[in-house]
Each structure stands twice: as C-alpha cells, then as structure tokens.
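**Q** Any chance you could fold what I've pasted below:
(one chain, ligands or ions: 1)
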Amino acid sequence: MNTNNNRRQFIKSSAKVAAAGLTMPYFFSGKPTLAFDTDSKNDRVAIGLIGCGGMGMGNINAARKWLDVVAYADADLSHANQANKKFSNGKGAVYADYRKILERDDIKVLHIATPDHWHTKPLIEAMKAGKDVYCEKPLTLTVDEGKLIRAVQKETGAVVQVGTQQRSTIDLFVKAVAIVREGRVGKIKKMSCRIGAAHGSPALPVADVPKELDWDRWLGPAPLTDYRWLKNDRQEKKKNRDFTNAHYEFRWWYEYSGGKLTDWGAHHVDIAAWALAASGQSDAIVSISGDAKHPVDFVDGVPQQNDRYNTATNFLLNVKFAGGVELEIRHDQSNGVMIEGEKGRIFVNRGKLVGAPVEALQDNPLPEDAIKNVYKGFDPIETERKGHWANFLKCVDEKKEPISDVHTHMRALNICHLAGICARLGRPINWDDKTEQIVGDDVANAMLKRTYRSGYEIEMDAPQPAAANG
Ligand SMILES: NC(=O)c1ccc[n+]([C@@H]2O[C@H](COP(=O)([O-])OP(=O)(O)OC[C@H]3O[C@@H](n4cnc5c(N)ncnc54)[C@H](O)[C@@H]3O)[C@@H](O)[C@H]2O)c1
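**A** Numbers count the residues shown, from 1 in each chain. Below is the predicted model:
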C-alpha cells in the first residue's frame, strides 16, 4: 500500500477514534486531515492562512510537508477557494474575514501574506489572541507601526518570524554575515544595497471590481479609493502583469507599500543592517539624504495624481550611521549587497557570494561555529527541517525567538521607511535613534505614522475564543 493509501486509512481510523469522544492532539482529532500527499507525521502543525495570493500560496507550497492548512481567509474569495482546493482538497474552512481564524482556539499558528498595508493590524490582533505568526515582509507601512508591533510582541511573547528568508540562506547571506562577524573584511567602511527595477504605469481607468473581490475589505485601513485596472498589452513576457491598484501591483503605490525601497529593501537592507550589527559597529541611523525619481509629483510627501503608480522608479539614497559607516541604497539591476571593509569587500545576492575574503576561506576557513554564531545559536544542518519555515516551526515548538525577529527587522525596515520619506519629500532627514523621531521636520515626522480608515482600526483586545470551528 502506498503512503497516500496508508494515510487515508489512518484518517479513517482517526475519525473513528474521534467519534468515541477521546481528547487528542489536532491530527488525531477526527477533523478531516487536509494534506493527503505528504508523509505525514503526528507532529504536523495546523495553521491558518491569511492572504492567499502569490506569496501565501508559494510559502505554503514550500512548507506543506510540515503543515495542515485548516482555514483560509482572503478579501478575494476566489484566492481563498483556490488555495483551499490546492492544499486542503477543499476541506479547509474559508472566510472573508480573517478575524474568524483568530477566534478559533484550535488554530495556534498563522501565516499572514496580505499586502503590506494589511500586515500590522492582523499581526497585532493575532499576537493578542495568543497565536504565533509567520508574517510576510515588510512588516509595516510606517515606523510607528513597528513600535506597536515590538511592544505587543514583548508583552505577549508571541513567536513571530518575518518573511525575510534571506536570513536562512546559509551558503549566501548567512555566510556573508559570518564572514563580517569573524572580521574577515575588517572594519566596515561602506555598504551598498542594490535594488532591482521598479516601474511606473500609464493612467489606469476606474474599473468594475471583480466579482469575488471585496474591495472595501481589501483596502481595509488604507484610504477609500476606486478600484483601477488596465490590461497590459506587453504580456509577451510572462511577468508583465495587468496594471492595477490591487493584487500584486499594490507594491507600486505608497498607499499600500513603500515601493522597491521596502519590497526589496526589506531583504537587502536587512542583510546590510544585520552585518553591521554583527560587526559590532554602531547601527544607529544619523541621517539620510539623496535623490529619487517618481512617476508623479509629490507635495509634502503626498502624490498629486491618484490614477497611476506612484512609488520611486529610480533612487540613490545615502544613509549615515553613528559609527561613520555609510550605506547607499540604489536602484541597480545587480540586486544584492556590497560590504566594503578595511581588509576587503564582499558582494552577495541570491545567486552568489564573491570577493577576496570569500576566496581566502579556502586557505583559512571560518571557525566551526561561525554560522551558528550569527544564526542565533541554531544549527542549520542539525535537523531534517531546513530553511526559514523550519526555523519558525522549531521556534514555535521551543518558544524561541526566530532568526527574523520583529526587533531586528524593524531596525532594518526603519532605514527603508526613512529612505522613503526622504525620497518623497526630496530633502535630507536627520534621525534621533534614541527617541525614534526625525529631528526638526514636522512634515517628515508626521509621515512616521498613518491614519487608519474608520472601521479598520487595530483591535487591541484579544478576540474571545469561540467554540471550535466557530
Ligand atoms: N518574502 C518574499 O520574498 C516575498 C515575495 C513576494 C511577496 N512577499 C510579500 O507577501 C505579501 C503578499 O504579496 P503577494 O505578492 O502575495 O500579493 P498578492 O496580491 O498576490 O496576495 C495578497 C493576498 O492578500 C489578500 N488580502 C488583501 N486584504 C486581505 C485581508 N484583509 N484579509 C485576507 N486577505 C487579504 C489579497 O486578496 C491577495 O489574495 C506582501 O507583503 C509581499 O511583500 C514576500
């Protein structure tokens, strides 16, 4: 009998046991077990997925051998139903409102993969409801949202992994940080985060909202506006999507994202900030200056047209840290991180780690525990489960802080947010790292926060647990 048959047989017997009314862990609970195509063990985790678009589906696909997704929530029910069909044979619960998942006490672990403007609210409410969460990057739309998330994480002790998975690519980014920590590039002088293409759009007409998309819910805390859509005629390249202010393309609107500065900045600036902290040099931001090009005009940081993409399409921003290190964030197709020290420089991206200090490892390898020392003491090769999801699930099991914790993520993401403020205002900003305020610029300081649309404020009280399946 093959594994799937074994599994089906096992599910049937589990259901019989359940009918006898015994108390069992989730897997044995008699509820339909949802992943039929894996070598399932009884340590599988039951999770809820909030946001079932590209990344939500991609992440679950990557981690499905360890998970049963038992509930799906999406403002577009066609996405939730598609995910349910793919990962749970259509047997998961499907909700339009993610709070239905928060109310369920049989679900302790969540994955949030909503658009950026919809991260902070469900994440805070989930932590308050006692859940552990793998939440996509960038965790927030503003600096002040990060302050709130840090406070609630501290108060609740929730295990939160941020979706900056470059922190778990051992042979590339982790090794690069280990090289820096071991002093192989010497004292850092300069770093460069090269971030690939961002694009503008033509004017997008107001369009009918697709049948299964609840547009008001999709906008959520963001300002009320029309749904826009325009067919992209240049679809000979598969990656050319239709223009819209909704699915996937929300990245190019400051109302929902920070553009490339946070979309890829959340990854590459995170690595630069991690390396700087590992080097022992100060990672306190002092100032940010530079230039950016936007597809529309801005006045006091506010885009003056609402019918086309508005995030920066070109930029060169310079960040100064208290210890004298400089970081440039620039639009550049080489898409990676350069770290230059007094002894040499390294470049790392998702395909390579190069530079003289890397070549020198052949004669003088890193000490045995170098990777473990930067990977928070976890041994990335000790278990069968590897990678960013594995790190999260291990931390859920052991109630430990994952490798991409909210505190270090927000330190890095603040650089991206402040670079975005500098870009939108078109003037330098000075930062007080202690008070986490911009110095002497009220307009810029006001951009550290955003107003939540009425009806979509953050609920700071945990939802009352409802009956199972409620
Ligand atoms: N870590 C990475 O490498 C990586 C890669 C891609 C995307 N991401 C991140 O993942 C997130 C999602 O990006 P995407 O490309 O999958 O976008 P997407 O538009 O494909 O998916 C987002 C989904 O969230 C849904 N949604 C919107 N509001 C919701 C709500 N209130 N409740 C539940 N669902 C809601 C949308 O309808 C959509 O199905 C973004 O924050 C993005 O930055 C991370």
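**Q** Just the pLDDT for the residue in the stretch 51-200 of the chain that the ligand sits nearest to.
**A** The nearest approach of the stretch 51-200 of the chain to the ligand comes at G53, 1.9 Å away (C-beta to the nearest ligand atom). Where you see a C-beta, it was placed from the backbone N, CA and C, and this is true even at glycine. On the pLDDT scale, G53 is placed at 98.
**Q** Please tell me I have it right and it contacts W118.
**A** No. G53 is beyond contact range of W118, at 11.0 Å (criterion: C-beta atoms under 8 Å).
**Q** between the two, which one's more packed in?
**A** Using other C-beta atoms under 10 Å as the criterion, G53 and W118 rank with W118 on top: 26 against 21.
**Q** got the buried residues for stretch 428-444?
**A** 429-431, 438, 441, 444 (16 or more other C-beta atoms under 10 Å).
**Q** for the stretch 51-200 of the chain, what spans make up the strands?
**A** 67-73, 93-95, 109-112, 132-135, 160-162, 188-195 (DSSP state E, counting those that start in this stretch).
**Q** Can you list the helices and strands that the third one packs against?
**A** In terms of contacts (3 or more C-beta pairs under 8 Å, 6 or more residues apart in numbering; DSSP states H and E), strand 109-112 is packed against strand 45-50, helix 54-63, helix 120-128, strand 132-135.
**Q** how much space is there between the nearest residue to G265 once chain neighbours are set aside and the ligand?
**A** In this structure, G265 finds its nearest non-sequential neighbour in C416, 3.7 Å apart by C-beta to C-beta, 6 or more residues apart in numbering. C416 is 12 Å from the ligand, where distance means C-beta to the nearest ligand atom, to the nearest Å.
**Q** Mind telling me which residue of the stretch 301-450 of the chain is nearest the ligand?
**A** The stretch 301-450 of the chain approaches the ligand most closely through H388 (8.6 Å), counting by C-beta to the nearest ligand atom.
**Q** distance of that residue from P295?
**A** Separation of H388 from P295 (C-beta to C-beta, to the nearest Å) stands at 33 Å.
**Q** So for those two, which residue has more residues nearby?
**A** Neighbours per residue, other C-beta under 10 Å: of H388 and P295, the larger number sits with H388, 23 against 18.
**Q** what's the pLDDT at the more buried one?
**A** For H388, the model assigns a pLDDT of 95.
**Q** so who does it touch?
**A** Counting by C-beta atoms under 8 Å, 6 or more residues apart in numbering, H388 touches 161, 163, 165, 167-168, 403-404.
**Q** The stretch 201-350 of the chain: strands as residue ranges?
**A** Under DSSP E, counting those that start in this stretch, the stretch 201-350 of the chain gives strands at 229-230, 243-244, 285-293, 298-299, 302-303, 314-321, 326-331, 336-341, 345-348.
**Q** Mean neighbour count and distance to G196 added to the helices and strands packed on strand 109-112, as TSV?
**A** Formatted as TSV, the helices and strands packed on strand 109-112 follow (neighbours: other C-beta atoms under 10 Å; distance: least, C-beta to C-beta, whole Å):
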stretch	mean neighbour count	distance to G196
strand 45-50	25	28
helix 54-63	17	17
helix 120-128	24	26
strand 132-135	26	23
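**Q** so can I have a markdown table of these showing distance to A284?
**A** Converted to a markdown table, the helices and strands packed on strand 109-112 look like this (distance: least, C-beta to C-beta, whole Å):
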| stretch | distance to A284 |
| --- | --- |
| strand 45-50 | 34 |
| helix 54-63 | 32 |
| helix 120-128 | 24 |
| strand 132-135 | 26 |
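**Q** Would you confirm that Q305 contacts V296?
**A** Yes. Look at Q305 against V296 with C-beta under 8 Å: they come within range, at 4.4 Å.
**Q** hang on, the earlier thing: identify the farthest-apart pair in the contacts of H388.
**A** Maximum pairwise distance among the contacts of H388 (C-beta to C-beta): 11.5 Å, between G163 and I403.
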